[in-house]
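*Asks:* Please work out how this folds:
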Amino acid sequence: MIRAVVFDVGETLVDETREYGTWADWLGVPRHTFVAVFGAVIAQGRDYRETFQEFAPGFDLYAEREQRAAVGQPETFGEEDLYPDVRPALAALRERGLWLGIAGNQTTRAGVILRRLFADDVDLIGTSDDWGAHKPDTVFFERVAAAVPHRPSEILYVGDRVDVDVLPAKAVGMSTALIRRGPWGWVEWTYPRSLSEPTVRITSLAELPSAIDALGSASALDES
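*Replies:* A predicted model of the protein is given here:
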């Protein structure tokens, strides 16, 4: 019985294509070259941060983020970067009486942006910087579970990655939805199902309401 849905941020709600491009510009490399190397690193199962090392050995992502902010070029995103299915999906889930949250590996700065974009749409916005725990550490998901007023088994966590979203969320007892979009979503969609099967697989957030209805939603329980 699903009573709460919590969303990852990057490539689940936010299309990060523009942001990848700004990092290529910051590094002084062609955008298509950066994207090609980024994809190769992910396909090889390596940490995405190794992409930066290919162009600038010793690159410190945290320090570079702060330097970008200092010169007026902070990482940012806005309404125009949301996937088009985000707003309709949130509205449809809210109509079903579900408790909604957003929680991902994001900076404090990104948390401010998320609160500006979604303050009226969800019940929780939490970031790894807020909680001092980063996915895939199960501590992050324990913090999510503690913040949601329902049992872990009643929470559906939605993300684009098997390794960072599905597996650790399952480890704390949550149901999971894997969405196929963004670089990780496409690569990890083909991971062996015996090792990584999420509760549901979707290609759009528009599929969530019917998927949750099939699992059994809080509203279905109330009507029975």
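*Asks:* From now on I want contacts and neighbour counts done on CA atoms only, so please keep to that.
*Replies:* Will do.
*Asks:* which SS state does Glu54 fall under?
*Replies:* helix (DSSP: H, G, I helix; E, B strand; the rest coil).
*Asks:* burial of it, as a residue count?
*Replies:* Glu54 has 14 neighbours, counted by other C-alpha atoms under 10 Å.
*Asks:* same check, this time on Gly28
*Replies:* Gly28 has 11 nearby residues by other C-alpha under 10 Å.
*Asks:* got it, and Ile102?
*Replies:* Neighbours around Ile102, by other C-alpha under 10 Å: 24.
*Asks:* That one is in contact with Ile125, isn't it?
*Replies:* Yes - proximity of Ile102 to Ile125 meets the contact threshold set by C-alpha atoms under 8 Å, at 4.8 Å.
*Asks:* Where do the helices of the protein begin and end?
*Replies:* Ranges of helices within the chain are 17-27, 31-43, 50-55, 61-70, 86-95, 108-118, 128-131, 138-147, 167-171, 182-188, 193-196, 208-215, 218-223, based on DSSP state H.
*Asks:* Model confidence for Arg201, exactly?
*Replies:* With respect to pLDDT, Arg201 scores 94.
*Asks:* Cross-check the contact I'm expecting between it and Ala177.
*Replies:* Yes - taking C-alpha under 8 Å as the definition, Arg201 is a contact partner of Ala177 at 5.6 Å.
*Asks:* Can you point out the buried residues in stretch 159-179?
*Replies:* For stretch 159-179, burial by neighbour count (16 or more other C-alpha atoms under 10 Å) applies to 159-170, 172-179.
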